[in-house]
Every structure is written in C-alpha cells, then in structure tokens.
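Predicted model and sequence below, questions to follow.
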Amino acid sequence: MGTAFFCDLLLAIKNILFYNYILMNSKVSVIGAGNVGATIAQLLASENISDVVLFDILEGMPQGKALDIAEACPVWKSSASVVGTNDFADTAGSDVLVLTAGFPRKPGMSRDDLLLANADVIRTVVKGTSGLSPDSVLIIVTNPMDAMAHMALDESGFASQKVLGMGGILDSARLRTFVSMELGISPKDIETLVLGGHGDQMVPLIRYTTVKGVPITELLDRNRINSLIERTQNGGAEIVSFLKTGSAYYAPAASTVEMIRAVLYDEKRLLPCSALLDGPYGISGLFIGVPVYLGKNGVEKIVELQLTEGERELLEKSAASVKDLLSVLKK
Ligand code: APR
C-alpha cells in the first residue's frame, strides 16, 4: 500500500467528518413554506446540505410539508432534520435565514406590483427571526427582491454584507437555458452574468456570455441574441402566464440553494447577487445585482467590472427603478 492509498483514505475520512459532523449541524430556516420555500427545503434535505426549519403563517401547512419531506429523507439517504412550524422560536440559531414569505404575482402583474403587500410581510418576518439568529446570513427571495432586501437590512440591523438578494443567478440561469435551447447544446458549458435589479430592467452582459469560453457573438447573430435577452427579461412573466395562479419556483429554489451552499461551505464563489452598493459602479445606498464572492460571511467582496458606456447606462437605469420603489416605501 503506497502513499497514494493513505492520501485517499485521509481524504475520505476528512469528507465524512466534514459532511456528517460539520455541515449536517448547519441550520437553515426557510420563512414561507409556499412553492419556493418548500422547494428550497426539499433541495436542502435531498442533497443533505443542512437541517431545515420550514416556517409559515398558515397553521399545519409547514408541519405537513416538512413531515412529508422528512419521510423522503430515508429514500434519499439523507440525515437532514426537517421541521415545520408557526413559531419563530424554532428558527433560533440559524446559520442562514431565507425569506420567501409573501405573495407571488398573477398574470399581468410585474414584480413591482407586489411592493406594498410584501413589504408588510417582510417587516413582520424579519422582526420575528433576525434577533433569534443574530449571526445568520439573510437571503431574500420575496419580490420585488432588491427593495425587500433593503427593508430586511434596515429592519434586522445586520451588517450589510450579511444581507443578500437572490435574482442574478436565476436570471443568468434563464439566459443560459435559452442559449442552450437556441444552439441545441448542453447548458452546462454556457456562462453568463446578468446584473442590475431583479426586474424588467435587468442587465444581461453579452460580453460575458460564452460557451466554454467562446463568445456568444461568434455563435449567434445579434438579432437572435437580442431576442434571447428579451425572453430572459420576461422570463418570470412567461412562467406566470403559463401557471396563471402563481409564479416560478423550481429555478428560483435551485438558485437560492446555490447561494446557501456557497455560504455554508464557505465556497467564495463568484455569483451575481443583490448586495448593498456603497460606491462600486457609481451606485450608493441601493441593493443591486452585481458579481460578489459569496462565502460564510455573506458578501466577502463585491467585484467591480469595467463596464462599457452602454452597459453602465443600462445599470444606472435599472438602479433608478429600484430607487423609485424604495421611495414609495419611504412615503
Ligand atoms: N409570515 C409567514 N409566511 C407568510 C406570511 C407571513 N406574514 N405571509 C404570507 N406567508 C406565506 C404564505 O402563507 C405562503 O405559504 O408565504 C408563502 C408564499 O408562498 P406562495 O404563495 O406559494 O408563493 P411563492 O411562489 O413561494 O413565492 C414567494 O418568492 O419568488 C418570490 O415573487 C415570489 O414574492 C414571491 C415569493
């Protein structure tokens, strides 16, 4: 038996210890046990990422969904604990708090139309949870997400690097999907970055859209690219128009779990997330989607790209629409 065998053995022991004793002690509380929240809980449990507390205002519903997910864990060979509750006390000591509580859109509505109704919900749930998990990272999914993240920051009193919104990963995933469909290839090799507010004014960066490093402009003509961008900007509305009674949840949940994993595993991944800007990109005092290094402290660093004049203009326009929403909230 050579050195290589012992190295492999040590690695295997380290992995077992790491996954079973460190990660499985992580606790994620998902606030809002509707379509997005329950799907996040399912992914966390099925992938054995953390213990999960699923909270909702509706009595019985989070308990029923959590028990159902817990009963799937033996089949998944997962040792995650999954608990449903209507009591904020059960969320105490969470490593990550995920806010999905609130109302989804109906056909014809924009994300911004949810502002006032969801602002009340976010205020209530941040008040109920943040003091019980003062060291947690707070991830906001509820729309209009950038404005809700700002409210969550104010209400929690957390350091700004600990509060993030989920939008850019989802918008980027949608563009990657549409490029893969257009080219008839695997989405795995497609990379892109969508910045800006998580709304109709989002800013997909064509310069950073590649297939295994090959610029998309070498593979598709400009008109096709523009139509894929437009479809991405309306990606959420396209799903709403099919579902009629609610909005997307599989891709939003998968995108949120990518963020949770980056925090719990301290991956320091470069991901587009909504973060509070105070200077970068010439923007201050606003949550906007930008590339960040995401790790155990939340936003480890905001990465400032050198944007072209056109890209900068689009980002400013997107930031202005987030600012308008905030001013409605402050009235
Ligand atoms: N406290 C806790 N839960 C609440 C509260 C509250 N004050 N108010 C509403 N909820 C719960 C609802 O009972 C519901 O179970 O939030 C859940 C929302 O679930 P869905 O209606 O299924 O909505 P979903 O599709 O999950 O979307 C939630 O995420 O992507 C965004 O735009 C979407 O803002 C929406 C949010």
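Perfect, I can see it now. Residues are numbered from 1 along each chain as shown.

Flag every residue of the stretch 101-250 of the chain that's near the ligand.
101-102, 104-105, 114, 118, 121, 124-125, 141-143, 246-247, 249 (CB under 6 Å from any ligand atom). For glycine as for every other residue, the C-beta is placed from the backbone atoms N, C-alpha and C.

can you give me the helices for this structure?
Ranges of helices within the chain are 3-17, 35-46, 61-76, 115-129, 145-156, 168-183, 222-233, 235-243, 250-264, 309-330, based on DSSP state H.

Rebuild these as CSV, extending it with mean pLDDT and mean neighbour count.
Formatted as CSV, these follow (pLDDT from 0 to 100; neighbours: other CB atoms under 10 Å):
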stretch, mean pLDDT, mean neighbour count
helix 3-17, 58, 10
helix 35-46, 98, 24
helix 61-76, 98, 16
helix 115-129, 96, 18
helix 145-156, 97, 25
helix 168-183, 98, 22
helix 222-233, 97, 16
helix 235-243, 96, 17
helix 250-264, 98, 22
helix 309-330, 94, 16
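
can you list those in JSON lines and add distance to Thr192?
Below are the helices of the chain laid out as JSON lines (distance: least, CB to CB, whole Å):
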{"stretch": "helix 3-17", "distance to Thr192": "32"}
{"stretch": "helix 35-46", "distance to Thr192": "22"}
{"stretch": "helix 61-76", "distance to Thr192": "31"}
{"stretch": "helix 115-129", "distance to Thr192": "28"}
{"stretch": "helix 145-156", "distance to Thr192": "19"}
{"stretch": "helix 168-183", "distance to Thr192": "5"}
{"stretch": "helix 222-233", "distance to Thr192": "9"}
{"stretch": "helix 235-243", "distance to Thr192": "13"}
{"stretch": "helix 250-264", "distance to Thr192": "13"}
{"stretch": "helix 309-330", "distance to Thr192": "13"}
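
Between those helices, which one is closest to Ser94.
Nearest to Ser94, of all these, is helix 115-129, at 7.6 Å by CB to CB.

which residues touch Ser26?
For Ser26, the contact set (CB atoms under 8 Å, 6 or more residues apart in numbering) comprises Ile49, Ser50, Asp51, Asp95, Val96, Leu264.

Name the residue of this protein that lies nearest to the ligand.
Gly34 (1.7 Å; CB to the nearest ligand atom).

Is it correct that Ser247 is in contact with Gly235?
No - using CB atoms under 8 Å, Ser247 is not in contact with Gly235, being 10.6 Å away.

can you list residues touching both of these two?
Common neighbours of Ser247 and Gly235 (CB under 8 Å, 6+ apart) do not exist.

is it true that Ala66 touches Gly84?
Yes - using CB under 8 Å, Ala66 is in contact with Gly84, at 3.1 Å.

Find residues that contact each of the two.
Ala33, Leu54.

Send me the lengthiest strand in the chain as PDB with only the CA atoms.
Counting residues, the longest strand found in the chain (DSSP state E) is strand 284-295. Presented in PDB, the C-alpha positions along strand 284-295 are these (Å, rounded to 0.1, in the frame of the first residue of the first chain):
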ATOM      1  CA  SER A 284     -24.600  54.100  -3.300                       C
ATOM      2  CA  GLY A 285     -27.300  53.100  -0.800                       C
ATOM      3  CA  LEU A 286     -29.000  50.600  -3.100                       C
ATOM      4  CA  PHE A 287     -29.300  46.800  -3.400                       C
ATOM      5  CA  ILE A 288     -28.500  45.900  -7.000                       C
ATOM      6  CA  GLY A 289     -27.400  42.600  -8.600                       C
ATOM      7  CA  VAL A 290     -23.600  42.600  -9.000                       C
ATOM      8  CA  PRO A 291     -20.900  39.800  -9.000                       C
ATOM      9  CA  VAL A 292     -19.800  39.000  -5.500                       C
ATOM     10  CA  TYR A 293     -17.600  36.500  -3.800                       C
ATOM     11  CA  LEU A 294     -20.000  34.600  -1.700                       C
ATOM     12  CA  GLY A 295     -18.800  32.800   1.500                       C
END
